[in-house]
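Visitor: predicted model and sequence follow; I will ask about them next.
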Amino acid sequence: MWDALEEVCLREGVGMDRLISCIRATSEGNLASAVRTFLVTYYRAAATEQGHKAAGHGLFRDC
């Protein structure tokens with residue numbers, strides 16, 4: 001989970017403290033659950049066709 005958060009911080013150009021503050025401000029309840037939910041949502045968005053194209057790796061193809 002922490003590695004994934006660090007990757008998001010690098011990609012988005014924000015510090016860990018800022019990202020955690022944003023997650024905390026937009027969620028209720030347990031922070032660990034909110035972080036996991038944020039990460040799943042973030043990576044699901046990247047896994048769409050549009051997300052793949054924006055990231056530059058195109059469509060997945062079997063080798």
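Guide: Yep, that arrived.

Visitor: can you pull the buried residues of the helix ranked longest in the chain?
Guide: Determined from DSSP state H, the single longest helix within the chain is helix 31-46. Neighbour counts using 16 or more other Cβ atoms under 10 Å place A34, V35, F38, L39, Y42 of helix 31-46 among the buried residues. All C-beta spots, glycine's among them, are computed from the backbone N, C-alpha and C.

Visitor: ok, the spatially most central residue of the chain - contacts?
Guide: Among the residues of the chain, the one closest to the centroid is Y42, at 3.4 Å (Cα atoms, centre = their mean). By Cβ atoms under 8 Å, 6 or more residues apart in numbering, the contact set of Y42 is V8.

Visitor: low-confidence ranges in this protein?
Guide: 51-63 (pLDDT under 70).

Visitor: in it, which spans are strands?
Guide: For the chain, applying DSSP state E gives no strands.

Visitor: from the chain's centroid, how far away is stretch 26-45?
Guide: Computed by Cα atoms, centre = their mean, to the nearest Å, the separation of stretch 26-45 from the middle of its chain amounts to 9 Å.

Visitor: any idea how far L5 lies from Q50?
Guide: 23 Å (Cβ to Cβ, to the nearest Å).
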